[in-house]
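Colleague: Got a predicted model here, sequence first, then my questions.
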4 protein chains.
Amino acid sequence: MIYRLGYAQLNVSDLEKSLHFYEKVIGYIKTKQEGNKAYLRAAEEFDEYSLILNEDKDNVALDHFGLRVSSEVALDDIKKKNEALGVEVEEVQDKDHGRVLKVATPSGHPVAFYHHSPQLNVYHGENKDVILPMRRTHLQNGIPPLRIDHMNLRVPSVNTEWNYWKNFDFSISEYVESADGNDKYAAWIRREPFTHDIALVHKQVASLHHIAYIVDGVAGVIKTADVLADAGYRDNIEYGPGRHGVTNAFFLYIKDPDGHRIEIYSGDYKRDLDQEPIGWTQEAYEKNGRLWWGAEVPESFKETTTINKNWMKEKIY
Amino acid sequence: MIYRLGYAQLNVSDLEKSLHFYEKVIGYIKTKQEGNKAYLRAAEEFDEYSLILNEDKDNVALDHFGLRVSSEVALDDIKKKNEALGVEVEEVQDKDHGRVLKVATPSGHPVAFYHHSPQLNVYHGENKDVILPMRRTHLQNGIPPLRIDHMNLRVPSVNTEWNYWKNFDFSISEYVESADGNDKYAAWIRREPFTHDIALVHKQVASLHHIAYIVDGVAGVIKTADVLADAGYRDNIEYGPGRHGVTNAFFLYIKDPDGHRIEIYSGDYKRDLDQEPIGWTQEAYEKNGRLWWGAEVPESFKETTTINKNWMKEKIY
Amino acid sequence: MIYRLGYAQLNVSDLEKSLHFYEKVIGYIKTKQEGNKAYLRAAEEFDEYSLILNEDKDNVALDHFGLRVSSEVALDDIKKKNEALGVEVEEVQDKDHGRVLKVATPSGHPVAFYHHSPQLNVYHGENKDVILPMRRTHLQNGIPPLRIDHMNLRVPSVNTEWNYWKNFDFSISEYVESADGNDKYAAWIRREPFTHDIALVHKQVASLHHIAYIVDGVAGVIKTADVLADAGYRDNIEYGPGRHGVTNAFFLYIKDPDGHRIEIYSGDYKRDLDQEPIGWTQEAYEKNGRLWWGAEVPESFKETTTINKNWMKEKIY
Amino acid sequence: MIYRLGYAQLNVSDLEKSLHFYEKVIGYIKTKQEGNKAYLRAAEEFDEYSLILNEDKDNVALDHFGLRVSSEVALDDIKKKNEALGVEVEEVQDKDHGRVLKVATPSGHPVAFYHHSPQLNVYHGENKDVILPMRRTHLQNGIPPLRIDHMNLRVPSVNTEWNYWKNFDFSISEYVESADGNDKYAAWIRREPFTHDIALVHKQVASLHHIAYIVDGVAGVIKTADVLADAGYRDNIEYGPGRHGVTNAFFLYIKDPDGHRIEIYSGDYKRDLDQEPIGWTQEAYEKNGRLWWGAEVPESFKETTTINKNWMKEKIY
Ligand SMILES: [Ca+2]
Ligand SMILES: [Fe+2]
Ligand SMILES: [Fe+2]
Ligand SMILES: [Fe+2]
Ligand SMILES: [Fe+2]
């Protein structure tokens, strides 16, 4: 069983620049740095990291994202399902995760399935005092982000990609019908009882639209814009704040120094996985779905980030 | 598979009084009233209700609580597991839920397992405009609460009760060792990747300590105390605000007109079900677990509410 | 001595429609209604009202605004100063305020100076229990707004208008130089140690740009947009949220059913009246002053509302 | 004319320890350190500092507090008034403030009147870009506090002390009648249209109860407790959060390493200086005034801090 989105790895052109943005300004917490890679966590996460910044200036892209599964046995099951679907699986070993299954989805999105996830220690001192990861507010700066929430992926065909993910017990929370009724324009899919771990939205070229992090309520979203503008990153605030009708997301979209888009938002809503998907007609979506309220979507919002096309060829992980 | 806590039914002595408290002051939304029963939902819930107030002045108590399961097949499975455990199951029909399995847990707690849950309509008008349940802020009053979160139950033996629930794939998020090391003092158990759907805490007599609702962040918790005091219910504010070390809960405990205790809180944290439980020694718990910061626990906090002892004998549901 | 902005009177085309907007949706509290006029207060005000809605469909405009002065003697002083400046003063009696001095400023803005202001009763019951006006949260709906803050007026010459107001011990907090250096583009002027009671901004035609109300922090500003959109008033959200560099205002601009613009904001900053005005060059203003961050100013934002041109001719007040 | 409370100087036993508390944990911004003294400001202040920590371990006390007056001429006036009242005035020169009038009030409270107050520079770079003091959120840590608000002083006779301050155009916002009706139990007095710059409360020995700082809403108050507990200062949280009936203050009282009490609160309300004081009978005060809601006042809350008794004898300032 897939639990959830675990982490994303972004290839960046200049690690120092990116760390200034993510760590010093936004307030991600760096848990380690090894060679070209910095590992960052958000403030309420128990995982050692949910964001890997990898300096690779010739390959600025979404390198891949990782989905955590419930057990090693569940990994076997995922491997079998992929093979049954005719999807190539590369099994590799990773220092942090142990066994990792590498897959490119039908649209080409680079995914890593893994079970083992290094965890922060919660026991401190000789008396085993418990200190939870989020109880470090005196050491925090920036917003800070609280936890990773979802990937928003662009795919040439939403139905094709959905047909892949539904094999892994994903559920659609909401979707938008396409104009011609043959495909979907978009679908928000999840393994957790919220609106999405992954959003699939139609675009000719498979690519990354954004990675989303949850912050502390609407005030946390506004603080993001304040902190960025105060730190001289006003041009990195692309769009928002505003509220989408679909998923009820109160959003702010920002761009990192390489143009990777991060959505800062205050959370969606809770709804059981078995409930009927909520369907928006194109008309309803145009009217209220794309935007419940807020400024019009800017032209730049159509731009997306390259995804790693060599994911399955990289034998050394 | 059990999804989550779905609702609780409280027997109250005076429905009108209780509705004034819950609906007019706190801001629960009444979706229907039938005979002695009023059905209330919190603002972000898709279920028609998560709280039933049942006027029954001779039996003021927690009547029972409901756990939603993933399918009718899952209900069959739960029935079998109970029977295998030697726990009596009564299968009844309920107008709202269809098939319901009634069970008294080893400690005697009254539980209903059900799959079908009446849902709010999200489609409006001839064009099928989507209006999500939480997008009715212009009609809200009070705090309002956002969604039900957990039951805090007192049980004579935490291990005995836990031995029951672990058969249904519950996971312990945190626990407190008992002084003598033979039992646990408390365990927070969950089917969702947060800290608890049910808290089990030692007390000689099986009883209800509180039902918890999530509100909008810490400001929502403070607003609860303001609204109650302004409305003349200051004496119904029992304890808080403060923060527990265990589960990181920022809490306020209030009492309804019959003394049923409701916890108003701003949420806990997210952590996968398979992760190792976080264990507090008695010493660590006394030091930081019971209270991360805040006023000392008042004497009244030891009091609990009666649970319905006739749950399994009530043939008509 | 002038204390502060006390109230504004808006002429509206349909009182019922306006009350639905201001009272039922936004959450202003109606304290009385007499004939064509409804009197509204914000939640933390001790004055009986800060907004008068006057149905006068042939004269939809800012009817006038009132400035509260410290005493009857201070009124005498204001009268003398106006006369010395050659500004006509009409002295009238008003049921609520007693003596009122009516003036049209050099740009023609309709002002009422008054001392007496009807106050809410804070004593209740036979024991003289004190209940402050804001401690009625259980009766509130909407946002609600907390208190009136400022008028934003357009004037043909900022210096000309400023030369009038400086006689009454107003102080400039911030200003923007004009392109040619002869006039100012804008000036924020105040009698209280915040950024402004009145903003003066250049426009050919003297008119009203907006009336501003303070709400409860940035979350209150966002709630405004949510409440409006949920209530079907999405098109009444004109611009924002965003942050101005000048005055540090976190803003949302909304329009009432007649197109009167209300700014909903979370407050500015505190600074003594004697401090040197902060001057923005045109360049600095264009770069960071107009907008610290947020979406570009929409074209509609140049539009302003008519002001009552018959203010000094209306003998009966 | 007195404008407002400008700053307080606390004598501390260990400057390093105090700076860790105030600067590193709470988030005060240190603007300079000279010899034994560190000068701190809150995030929204234009003054270079509002808190001076002075290491003087043999004289841990409130050294004095400063009131800013509107002009040098106003200082003359204050000098004359004091002399007319038979209150000794020492005129000294201070590097930061220029002319300073030192006074011990009838109860012995150490006060400095001054006009000149060093201000932060708001112009930056060759283009005179304006950056307001509060627009440095990317450099902030801790809560942070936003601005100084009031001093809470204990005095043997409220009326005696009030009889002094009323000569300087202070106004009472609220007061509590004494049990015998001869004196007042407490009075909240102000020069700004909020509830108080100074609170006077009866106690046999003139002393300091607390200095209050405003933070960002109720969430800022809660964050204070979180940050302190997380940083290991849980025992420095003395009382709260809760709400007073008098002044509507949502409060948290904390203690610095020397036991000086700081109130962290989210602000009071606005009301004109000329309005009739709001009077609480002892009965009303006991019922709702001391506490609108919250935990009972702890015994320790009666403790107060020594005030500097040598203020008028210290010829070198
Ligand atoms: Ca999600
Ligand atoms: Fe998103
Ligand atoms: Fe709880
Ligand atoms: Fe404005
Ligand atoms: Fe205070």
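Modeller: Ah, there it is. Numbering: from 1, shown residues only, chains lettered A, B, ... in the order given. Ligands and ions are numbered 1, 2, ... in the order given.
Colleague: gap between stretch A:131-141 and the chain center?
Modeller: Stretch A:131-141 has its C-alpha centroid displaced from the chain centroid by 23 Å (Cα atoms, centre = their mean, to the nearest Å).
Colleague: In it, which residues are buried?
Modeller: If you call a residue buried by 16 or more other Cβ atoms under 10 Å in any protein chain shown, then stretch A:131-141 has these buried ones: A:I131, A:L132, A:P133, A:M134, A:R135, A:R136, A:T137, A:H138, A:Q140, A:N141. C-beta: built from backbone N, CA, C; applies to glycine.
Colleague: Which of the three states applies to the last one?
Modeller: If I follow you right, that is A:N141. Secondary structure assignment for A:N141 (DSSP: H, G, I helix; E, B strand; the rest coil): coil.
Colleague: For it, report the pLDDT, please.
Modeller: On pLDDT, A:N141 comes in at 96.
Colleague: got the contact list for the residue nearest to it when sequence neighbours are not counted?
Modeller: Leaving aside its chain neighbours, A:N141 sits nearest to A:G27 (5.0 Å; criterion: Cβ to Cβ, 6 or more residues apart in numbering or on different chains). Contacts were defined as Cβ atoms under 8 Å, 6 or more residues apart in numbering or on different chains; by that measure A:G27 touches A:A43, A:Q140, A:N141, A:G142, A:I143, A:P144, A:P145, A:V227.
Colleague: Kindly reformat the buried residues of stretch A:131-141 as a markdown table containing distance to A:P241.
Modeller: As requested, the buried residues of stretch A:131-141 are exported to a markdown table (distance: Cβ to Cβ, whole Å):
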| residue | distance to A:P241 |
| --- | --- |
| A:I131 | 33 |
| A:L132 | 29 |
| A:P133 | 27 |
| A:M134 | 24 |
| A:R135 | 28 |
| A:R136 | 27 |
| A:T137 | 23 |
| A:H138 | 28 |
| A:Q140 | 22 |
| A:N141 | 21 |
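Colleague: Please, where are all the helices along the stretch 101-250 of chain A?
Modeller: Taking DSSP state H, counting those that start in this stretch, the helices of the stretch 101-250 of chain A run over residues A:158-165, A:217-230.
Colleague: For ligand 1, which of the ones you listed is the nearest?
Modeller: Of all the helices of the stretch 101-250 of chain A, the one in closest proximity to ligand 1, counting by Cβ to the ion, is helix A:158-165 (14.1 Å).
Colleague: circling back to that earlier point, from the contacts of A:G27, which is closest to D:Y239?
Modeller: Comparing these against D:Y239 with Cβ to Cβ places A:Q140 closest, at 25.4 Å.
Colleague: Show the buried residues in the contacts of A:G27.
Modeller: Neighbour counting with 16+ other Cβ under 10 Å marks A:A43, A:Q140, A:N141, A:G142, A:I143, A:P144, A:P145, A:V227 as buried within the contacts of A:G27.
Colleague: looking at the helices of the stretch 101-250 of chain A, which is buried most?
Modeller: Among the helices of the stretch 101-250 of chain A, helix A:217-230 has the highest mean neighbour count (mean count of other Cβ atoms under 10 Å in any protein chain shown), at a mean of 25.
Colleague: Could I get the phi/psi values of the nearest residue to A:S71 once chain neighbours are set aside?
Modeller: Excluding its sequence neighbours, the residue lying closest to A:S71 (Cβ to Cβ, 6+ apart) is A:H115, at 5.8 Å. Main-chain torsions, A:H115, degrees, to the nearest 10: phi -110, psi -50.
Colleague: Quick one: neighbours of A:H115, just the number.
Modeller: Residues lying near A:H115 (other Cβ atoms under 10 Å in any protein chain shown) number 20.
Colleague: what residues are up against it?
Modeller: Residues in contact with A:H115, defined by Cβ under 8 Å, 6+ apart, are A:R68, A:V69, A:S70, A:S71, A:E72, A:A74, A:L75, A:H97, A:G98, A:R99.
Colleague: quick one: which of those is nearest D:S178?
Modeller: Nearest to D:S178 among these: A:R68, at 65.6 Å, using Cβ to Cβ.
Colleague: Mind telling me what element that closest one is part of?
Modeller: strand A:61-69 (DSSP states H and E).
Colleague: From the chain's centroid, how far away is the helix or strand just after that strand?
Modeller: Per DSSP H and E, strand A:61-69 leads on to helix A:72-84 as the next helix or strand towards the C-terminus. In terms of Cα atoms, centre = their mean, the centre of helix A:72-84 is set 22 Å apart from its chain centre.
Colleague: Can you list the buried residues in helix A:72-84?
Modeller: Applying 16+ other Cβ under 10 Å to helix A:72-84 flags A:A74, A:L75, A:D77, A:I78, A:K79, A:N82 as buried.
Colleague: Contact residues of the stretch 101-250 of chain A facing chain B?
Modeller: Counting by Cβ under 8 Å from any Cβ of the partner chain, the stretch 101-250 of chain A comes close to chain B at A:117, A:119, A:122, A:127-130, A:132-135, A:147, A:174, A:192-193, A:216-217, A:219, A:245-246, A:248.
Colleague: please redo it, this time with the cut-off set to 10 Å
Modeller: Within reach of chain B by Cβ under 10 Å from any Cβ of the partner chain, the stretch 101-250 of chain A has these residues: A:115, A:117, A:119, A:122-125, A:127-135, A:146-147, A:149, A:174, A:192-193, A:195, A:214, A:216-220, A:243, A:245-248.
Colleague: quick one: A:Q93 is in a strand?
Modeller: Yes. The assignment for A:Q93 (three-state DSSP) places it in a strand.
Colleague: now it: how far from A:L101?
Modeller: Using Cβ to Cβ, to the nearest Å, A:Q93 is found at 11 Å from A:L101.
Colleague: Check A:D226 too.
Modeller: Look at A:D226 and A:L101: by Cβ to Cβ, they are 41 Å apart.
Colleague: Over in chain A, which residue gets nearest ligand 4? Let me know.
Modeller: Residue of chain A nearest ligand 4, by Cβ to the ion: A:I222 (17.7 Å).
Colleague: Could you check what's spatially nearest to A:A249, not counting adjacent residues?
Modeller: In space, A:A249 comes closest to A:Y265 once its chain neighbours are excluded; the distance is 5.0 Å by Cβ to Cβ, 6+ apart.
Colleague: My understanding was that the one you found contacts A:I222; is that so?
Modeller: No. Between A:Y265 and A:I222 there is no contact under Cβ atoms under 10 Å: 11.7 Å.
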